[in-house]
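Q: pasting the sequence and the predicted coordinates here, then a few questions.
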Amino acid sequence: MISINNISVAFGGIFLFKDISFVINKKARIGLTGKNGAGKSTLLKILYGFQEADSGTLSIPSGTSLGYLPQQMVYPIGKTVINEALTAFNSIIDTQNEIELLSLSLSERTDYHSEEYLKIIERIDQLNHFLILNGGNTFLADTEKTLKGLGFSQSDFERNVTEFSGGWRMRIELAKILLRKPDVLLLDEPTNHLDIESIEWLEQYLITYEGALLMISHDRTFLDNITKQTIEIANGKIYDYKTSYSRFEQLRKERIEQQTATYLNQQKFIEDTEKFIERFRYKASKAVQVQSRIKQLEKFEQIEIDETDNSDLGFRFPEAPRSGDIVVDIENMTKKFTEKIILRDIWLTIERGKKIAFVGKNGEGKTTLIRIITGEIPYTGKVKLGHLVKIGYYAQNQEKELDNNKTVYEILDEIAVGDVRLKIRDILGNFLFKGEEIDKKVSVLSGGERSRLALAKLMLEPYNLLILDEPTNHLDMKSKDVLKKALQQFNGTLLVVSHDRNFLDGLVDEIYEFTNQTINKHDGNIMQFMQKKRLENLKLIEKKEKSDDNFVKENTISENKAIFLQRKEIDKDIRKLTKELQSTESEIEKLESYISESEQVLQSGKIISDHEFYNKFENAKNELNNKMFLWENLTEQISELNEKKDSVK
C-alpha cells in the first residue's frame, strides 16, 4: 500500500537514518522499535506529511487516508466531549443537512417532471449512497461506543473538553482518529494515558481493525497481542522482522551474536594480514603477495556490529529501614472534591513488605489515595502511617516539576547530604547519565531522561515505603525491565500505580481495584486479576433470567431476608427491562429490513419521483437510530442491575 524508498534524514550532519526502505501492506500490523532518539517519531511525521525527508521518496496511492496520533498535540477547546468526537463525521453530518434541505425543497415543489426536480432527486440519491457507504446510520452509536471503550462515561459526554486533563483530551483525539477509520493508522505511544481497561479495549479494537497499523509503543504486552511485524531502527538502518516484539527480541539477540562472531573472525583475519604485510614488506620474493594483501585490505568492507545498549541501570534501592508491621492504616476515610465523592468509607490496612498495585479507570481515586497517604490533601476519617514509616514518593508527571535551569548533577546535589554527596556521580551513572551528560540542562532532556532523573532522586536516602505513581511513563523497554528488577529486590513496602501489565506481572502480589468510590482487594498477580475480570464480564453478558424457584435454591436458608427481597426486586426490574429489550430488538429488525430493501431500490439506478418514498426512508433511519440508542440504554441498565444484584451478598 505505502512504499518507503531510500529515505534519509540527518541533523547537524549526523544521519538519523540513511537510505531506509520498507513497505506497509494492507492490514499490516507493524511495531516500530528502536532506542530513544533513533528516529521512530520522526519517521511517523514523515509518513503523515508533517516533516520532509532529506532524500528518498514516499509512495502513497491516491485516495489513501492516514490517521496520526502524535505524542504531543494541540487540543481543541469549546465543544462538549460528544460534539468534539462527532467532528470525525463532519462529512456525514454535512451530507445529512444537505439531504434535509433538498428534501424540504422537494416537498415544496410541484413540478414533478421538470429537469431541475429530477436533478434534486438524483442528488439526494447520490448523497444517500454516500451515507450508506460511510456509516451514516450508525455513527452516533459508534461514537458513544468508542468513547465508552476509551473510558468516558455517559455523564462525561456533555461536559466541555476543557474540563478534562491533557491525557483525557488525548483520548478524545484518539477516538476521532479511530472513528474516521483511515486506511493506515500511525500511532505514537497510544497507551501512555490509558488505564488497563481502556488499553484492553483498544487492543481488541486494533486486532480486528480493517486497515493497516504502524505504531510505536513501550508496552510489550500491547505490542505482542497486536503486531505481527517488527521494524527496528538502529544505527541509521532498519531491520524488518515478520514477527511479534518478544520474538523479535530473541532474533535480534541472535543477530547481534552472529555479527559479533563474524566481526571477531574478520578482525583476526585483518590482524593476521597486517602482520604478514609488515613481516614481508621488504622481501622481494614476497612483493607480489604483499601488494595483493594490501589491495585486499583496501577493498575490504569491514563488518559493523549494530549498536547495543550494554549499559545497565544496575541499581538497587537502599536497604529499607525496618518499619512497624502495619505500614498504613485507613479507617472510614472519605474524600470529596467540592460535592463529588471520589472515595467513600474506605477501610484498608497495608502490611510491611507487601508489593501492591493500584489499578482501575482513571479518575477512580488511585492518585487521590496516594496523595492522602503522603499527606498532600485533606480528607475525613482516619489515615495513619505505621511506626518509623519513611516514604519515598515518585509522583505522576513529577519529571515536569524538575527545574529546567539546573543541570542533571545539580538536581541531585541540591538535596544530597553527608556521604551520599560523594556518590552522586555513581547514582547518575546507574541511571545512564554518564560523562558530560551530567552537565546537561534539564530543559534539553527527553521525557525518558527526565523520568530517570526523578527516579534517581529516590536513591539518595533509604525508604521503607516506596509509592510510585505511573513510574514507567516515558521509560523505554530496557529501563522498565531494570526498574522492575530493582523493585523486585527492594525489601520494603511498595505501592505502585501502573497500567503496564508486563511491568506489574511478577512484581506485585496484591491488586487493589478502584471502582465506584470504593476499593476491592484481589490476591494474586495482575494476569490472574485480568483473567478474573474477563470472566466476570462474560458472566454478565451470558447471564440469563432465572426463575424465582432457582433463585431460592441458589441461596442458603440462612440468607438474610432483606437481602433475599432486595435481589428478588432487582430480578423483577431485570425481567421488565429484558421484555422491553426483546420488543426493541424486534422493531430494530423490522426497520433494518425495510431500510435494506429501500437501499436496494436506490442502488438499482431507478429514478424515484415519489418524494414520500424518501420521507419514509429518512424517517426509518431516524427511528432506527432512536431504537439503537434505546437498545443500548436498556442493555446498560440490565448490566448495571446484574452488577447490583451480584454485589448484594
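A: Perfect, thanks for sending it.
Q: start to end distance for stretch 379-396?
A: Across its full length, stretch 379-396 reaches 20 Å between end residues, using CA to CA, to the nearest Å.
Q: tell me the mean pLDDT for it?
A: Per-region confidence: stretch 379-396 scores 92 on mean pLDDT.
Q: name the next helix or strand downstream of the particular helix or strand that has Gln291 in it, please.
A: Element membership of Gln291, judged by DSSP states H and E, is helix 287-299. Proceeding C-terminally, helix 287-299 gives way to strand 326-337 as the next helix or strand, assigned by DSSP H and E.
Q: tell me the pLDDT of Asp19.
A: As predicted, Asp19 sits at a pLDDT of 92.
Q: without its sequence neighbours, what residue ends up closest to it?
A: Counting by CB to CB, 6 or more residues apart in numbering, the nearest residue to Asp19 once its immediate chain neighbours are dropped is Asn6, at 4.6 Å. C-beta here means a position set from N, CA and C on the backbone, and glycine is covered the same way.
Q: what about that neighbour, is that helix, strand or coil?
A: Under DSSP: H, G, I helix; E, B strand; the rest coil, Asn6 falls in the strand class.
Q: near it, how many other residues are there?
A: Counted with other CB atoms under 10 Å, the burial measure for Asn6 works out to 12 neighbours.
Q: contacting residues around it?
A: Taking CB atoms under 8 Å, 6 or more residues apart in numbering as the definition of contact, the neighbours of Asn6 are Asp19, Ile20, Ser21, Ser55, Gly56, Thr57.
Q: inside strands: which ones of these?
A: Among these, the members found in strands (DSSP state E) are Asp19, Ile20, Ser21, Ser55, Gly56, Thr57.
Q: once you drop chain neighbours, what's closest to the third one?
A: Across the structure, with CB to CB, 6+ apart as the measure, the residue nearest Ser21 apart from its sequence neighbours is Asn5 (5.2 Å).
Q: identify the bridge partners of that neighbour.
A: As for beta bridges, Asn5 partners with Thr57 under DSSP bridges.
Q: can you pull the pLDDT of it?
A: At Asn5, pLDDT is 94.
Q: which residues does it contact?
A: If you count contacts by CB under 8 Å, 6+ apart, then Asn5 has Ser21, Gly56, Thr57, Leu58, Ser59 around it.
Q: looking at those, spot the one nearest Asn642.
A: When the contacts of Asn5 are ranked by distance to Asn642 (CB to CB), Leu58 comes first, at 51.5 Å.
Q: picking up where we left off before, and the residue nearest to Ser21, how close does it get to Ala53?
A: 10 Å (CB to CB, to the nearest Å).
Q: mind giving me the domain ranges of the chain?
A: Under the assignment automatic domain parsing, the domains of the chain span 260-299, 326-527, 548-647.
Q: report the buried residues of the helix or strand hosting Ala175.
A: Of the helices and strands defined by DSSP H and E, Ala175 is found in helix 166-180. Judged by neighbour count using 16 or more other CB atoms under 10 Å, the buried positions of helix 166-180 are 167-180.
Q: ok, back up a step: neighbour-wise, which one of the contacts of Asn5 leads?
A: Greatest neighbour count in the contacts of Asn5, by other CB under 10 Å, goes to Gly56: 17 neighbours.
Q: that one - nearest residue in space that isn't next to it in sequence?
A: Of all residues not flanking Gly56 in the chain, Ile7 sits nearest, at 3.7 Å (CB to CB, 6+ apart).
Q: can you pull the contacts of the one you found?
A: Applying CB under 8 Å, 6+ apart to Ile7 gives the contacts Phe17, Asp19, Ile20, Ser21, Leu43, Ile46, Ala53, Ser55, Gly56, Thr57, Leu58.
Q: quick one: it and Lys18, what's the gap?
A: Note on Ile7: its distance to Lys18, by CB to CB, is 9 Å.
Q: tell me what the residue nearest to Leu214 when sequence neighbours are not counted is bridged to.
A: Ranked by CB to CB, 6+ apart and with sequence neighbours excluded, the top spatial neighbour of Leu214 is Ile30, at 4.6 Å. Beta bridges link Ile30 to Leu214, Gln229, judged by DSSP bridges.
Q: isn't Ile30 up against Ile238?
A: No - taking CB atoms under 8 Å as the contact criterion, Ile30 and Ile238 are not neighbours in contact, 11.1 Å apart.
Q: which residues do the two both contact?
A: Residues touching both Ile30 and Ile238 (CB under 8 Å, 6+ apart): Ile231.
Q: how about the strands in the stretch 401-550 of the chain?
A: Secondary structure of the stretch 401-550 of the chain (DSSP state E, counting those that start in this stretch): strands located at 465-469, 493-497, 510-515, 518-523.
Q: out of those strands, nearest to Ser153?
A: Proximity to Ser153 (CB to CB) singles out strand 510-515 among the strands of the stretch 401-550 of the chain, at 12.1 Å.
Q: need the phi and psi values for Pro74.
A: Just so we're on the same page, residue 74 is Val rather than Pro. Listed backbone geometry of Val74 is phi -90, psi 120, with angles given as degrees, to the nearest 10.
Q: all further residue positions should be reported with the first residue as 29.
A: I'll keep to 29 as the first residue from here, and by that count the last item is Val102.
Q: how close does Lys173 get to Leu97?
A: 19 Å.
Q: give the residue from those two that has the larger number of neighbours.
A: The residue with the greater number of neighbours, taking Lys173 and Leu97 and applying other CB under 10 Å, is Leu97; the counts read 21 against 16.
Q: ok, and the closest non-adjacent residue to the more buried one?
A: Across the structure, with CB to CB, 6+ apart as the measure, the residue nearest Leu97 apart from its sequence neighbours is Leu215 (4.8 Å).
Q: could you give the bridge partners of the one you found?
A: Applying DSSP bridges to Leu215, the residues it is bridged with are Leu97, Met243.
Q: report how many residues lie close to it.
A: Leu215 has 23 neighbours, counted by other CB under 10 Å.
Q: need the contact list for it.
A: Contacts were defined as CB under 8 Å, 6+ apart; by that measure Leu215 touches Tyr96, Leu97, Leu241, Leu242, Met243, Ile244, Ser245.
Q: among the residues you listed, who's most crowded?
A: With neighbours defined as other CB under 10 Å, the most crowded of the contacts of Leu215 is Leu242; it has 26 neighbours.
Q: quick revisit: wait, which of the contacts of Leu215 is closest to Asp184?
A: Checking these against Asp184 with CB to CB, the nearest one is Leu97 at 20.1 Å.
Q: now pLDDT and distance to Glu646 too, for the contacts of Leu215, in a markdown table please.
A: Supplementary listing: the contacts of Leu215 in a markdown table, determined by pLDDT from 0 to 100; distance: CB to CB, whole Å:
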| residue | pLDDT | distance to Glu646 |
| --- | --- | --- |
| Tyr96 | 94 | 35 |
| Leu97 | 93 | 35 |
| Leu241 | 96 | 36 |
| Leu242 | 96 | 40 |
| Met243 | 96 | 40 |
| Ile244 | 94 | 44 |
| Ser245 | 92 | 43 |
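Q: in a markdown table, list these along with distance to Ile452.
A: As requested, the contacts of Leu215 are exported to a markdown table (distance: CB to CB, whole Å):
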| residue | distance to Ile452 |
| --- | --- |
| Tyr96 | 41 |
| Leu97 | 38 |
| Leu241 | 44 |
| Leu242 | 41 |
| Met243 | 38 |
| Ile244 | 33 |
| Ser245 | 33 |
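Q: once you drop chain neighbours, what's closest to Leu279?
A: The shortest distance from Leu279 to any non-neighbouring residue, by CB to CB, 6+ apart, is to Tyr269 (5.8 Å).
Q: quick check: the gap between that neighbour and Asn654.
A: In this view, Tyr269 and Asn654 are 49 Å apart by CB to CB.
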